[in-house]
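A.B. asks: Build me a model:
(one chain, ligands or ions: 2)
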Amino acid sequence: MSDQIEGGCFCGSVRYRFPTNDYRSSNCHCSMCRSISGAPYVAWMAVPVDDFEYLKGEPKKLTSSSHGSRYFCQDCGTPVVCLLEEYPEYTYITTCSLDKPEDFAPKGDMYTDDMLPWVKKGNL
Ligand SMILES: [Zn+2]
Ligand SMILES: [Zn+2]
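C.D. replies: Ligands and ions are numbered 1, 2, ... in the order given. Down below sits the predicted model:
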């Protein structure tokens, strides 16, 4: 594995990187992640704010709730980042915007009470 993890949006307008490390990660089943992404759940990785940097472009901010903001590529719409007021020390990255999401299996599931009935736990 290289010493940097890189990723970006679908169209390539936004690129980011952070150092290789063992980060917290989880699939989020909350209804907000679902409706904003158009997917049954979203895999997130928590990277310390100071370690995260944009290499190219800046995503567009959407204030998605009173305590969180989500950032999308303004050209292609890929959800890239989420910032939560409650945890200002972290930048939450969508695992599937990484260049190699296959290397970063989510370590858990959150908001499982909101999980869609046809998403099977343990089948993720
Ligand atoms: Zn894009
Ligand atoms: Zn969520």
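A.B. asks: from here on, contacts and neighbour counts on C-alpha atoms
C.D. replies: Fine.
A.B. asks: Make sure I have this right: P40 is in a helix.
C.D. replies: No: inclusion of P40 in a helix is not indicated when DSSP: H, G, I helix; E, B strand; the rest coil is applied; the result is coil.
A.B. asks: Return the set of residues that bridge with L84.
C.D. replies: Listed beta-bridge partners, L84: G68 (assigned using DSSP bridges).
A.B. asks: Now for it: which residues touch it?
C.D. replies: Residues counted as contacts of L84 (C-alpha atoms under 8 Å, 6 or more residues apart in numbering) are H67, G68, S69, Y90.
A.B. asks: in the chain, which spans are helices?
C.D. replies: Using DSSP state H, the helices found in the chain span residues 31-37.
A.B. asks: Tabulate the CA atom coordinates of stretch 56-73 in CSV.
C.D. replies: Backbone C-alpha positions of stretch 56-73 (Å, rounded to 0.1, in the frame of the first residue of the first chain) are rendered in CSV as follows:
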residue,chain,number,x,y,z
LYS,A,56,-8.1,19.5,-7.1
GLY,A,57,-11.3,21.3,-7.1
GLU,A,58,-13.7,22.1,-4.2
PRO,A,59,-17.0,20.5,-3.7
LYS,A,60,-20.2,22.4,-3.3
LYS,A,61,-21.6,22.6,0.3
LEU,A,62,-25.1,21.6,1.1
THR,A,63,-26.2,22.3,4.7
SER,A,64,-28.1,19.0,5.2
SER,A,65,-29.2,19.5,8.8
SER,A,66,-28.7,21.8,11.8
HIS,A,67,-25.6,19.9,12.7
GLY,A,68,-24.1,18.7,9.4
SER,A,69,-22.9,19.7,6.0
ARG,A,70,-22.4,17.5,2.9
TYR,A,71,-20.1,18.3,0.0
PHE,A,72,-20.8,17.2,-3.6
CYS,A,73,-18.9,17.6,-6.8
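A.B. asks: ok, and what's touching it?
C.D. replies: By C-alpha under 8 Å, 6+ apart, the list of residues contacting stretch 56-73 reads 9, 13-16, 74, 78-86.
A.B. asks: Could you rerun that using 7 Å?
C.D. replies: Taking C-alpha atoms under 7 Å, 6 or more residues apart in numbering as the criterion, the residues outside stretch 56-73 that touch it are 9, 13-16, 74, 78-85.
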